[in-house]
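In: model the following, please.
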Amino acid sequence: MKKVILSALTLSTSLFAINVIDNPSSDIININVSNSSVNRIVLPTQILDVAYSKEKGIDIKISGNQAFIKFLPIQKERVRSVGKDRYEPVGEPEIVYDKAKGSEVFFVTANRTYSFALNPKNMDAETVIINDFSAQKDEILKYESDDPYMSTMAKITESILKGGVPQGYKIKKINKVASSDKTLTTIELTNYDGLLYKATLLEVENKTDKAIRLNPKDYISIAKEAPKAISIYYNNEVNHLLPYSKAQIIIITKGGRNTNGGVFDGGMPK
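Out: Below is the predicted model:
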């Protein structure tokens with residue numbers, strides 16, 4: 001199977017710090033979340049339904065295996081007295097976030113119902129990724145093999161660049177410098193482990209005052225196996241790594257979780 005180089009994508013996204021919870025065993029997963037920003041929960045498989053009390057002042061949107069959660073603020077009017085028992089508003093209403101109350105949310109997937117206790121705090125937006133190692137292999141294999149090869153590479157890449165996790169993949173944070181010189185520093189951020197494929201997320205920083213066009217072939221040596229796809233995301237319209245800015249690189253290789261020496265034995269030629 002030929003190697004594919006996916007050119008720079010023009011996705012509107014940013015990468016956030018993530019909180020990874022491996023194989024949660026408790027009935028309720030307790031997490032702190034932002035009381036003012038949009039939080040995100042990423043589950044191993046597609047979310048089929050969600051249940052929560054809307055009286056708690058919380059809004060939840062579902063997209064595939066991701067849930068976007070925001071606590072609704074309260075508008076507090078400023079008023080002044082203009083007579084006996086008479087008041088009029090003064091200025092714009094004050095937006096109050098610190099009145100948000102904790103809420104329990106249930107996410108239903110094909111194999112499990114996940115229960116979360118959300119504790120709103122004065123903090124930055126939180127992204128929580130659940131690694132459930134009991135995820136069925138046939139679900140992951142279906143995700144990796146249902147679409148044409150190039151579509152699968154693009155699907156895995158897009159999921160990671162949007163800050164998500166390919167369906168059923170295990171995620172491991174690395175945060176290790178892979179290479180560094182006077183021009184560029186490359187950091188290996190995260191590994192994603194599927195059945196047929198593995199993916200690695202890199203971050204490349206330009207330390208110069210000149211724009212640079214990255215060559216995907218320069219990053220082949222970082223991969224543990226021969227790459228199946230290398231994608232570069234510059235986060236700009238000119239498709240160059242601008243001075244003192246950063247780009248993301250996704251490297252997809254063959255081989256993932258299995259019981260036969262590192263390569264899933266089925267579905268794809270070795």
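In: residues touching the residue lying closest to Ile156 once chain neighbours are set aside, list them.
Out: Once its chain neighbours are removed from consideration, Ile156 has its nearest residue in Pro166; the separation is 4.9 Å (Cβ to Cβ, 6 or more residues apart in numbering). Bear in mind the C-beta positions are built from the backbone N, C-alpha and C, glycine included. Remark: with contacts taken as Cβ atoms under 8 Å, 6 or more residues apart in numbering, Pro166 is in contact with Tyr143, Lys155, Ile156, Ser159, Ile160, Tyr192, Gly194, Ala199.
In: and which of those residues is nearest to Gly83?
Out: Proximity to Gly83 was ranked across those by Cβ to Cβ; first place goes to Ser159, at 60.5 Å.
In: how much space between that closest one and Asn35?
Out: Distance, Ser159 to Asn35, using Cβ to Cβ, to the nearest Å: 28 Å.
In: go on, Leu161?
Out: Counting by Cβ to Cβ, the gap between Leu161 and Asn35 amounts to 28 Å.
In: helix/strand/coil for the residue nearest to Ile156?
Out: Using DSSP: H, G, I helix; E, B strand; the rest coil, the structure places Pro166 in coil.
In: hmm, back to that, narrow the contacts of Pro166 to those in helices?
Out: Secondary-structure check on the contacts of Pro166 using DSSP state H: residues within helices are Tyr143, Lys155, Ile156, Ser159, Ile160.
In: how much space is there between the third one and Lys176?
Out: Put plainly, it is Ile156. Ile156 is 22 Å from Lys176, where distance means Cβ to Cβ.
In: between the two, which one's more packed in?
Out: Ile156 (26 against 9; other Cβ atoms under 10 Å).
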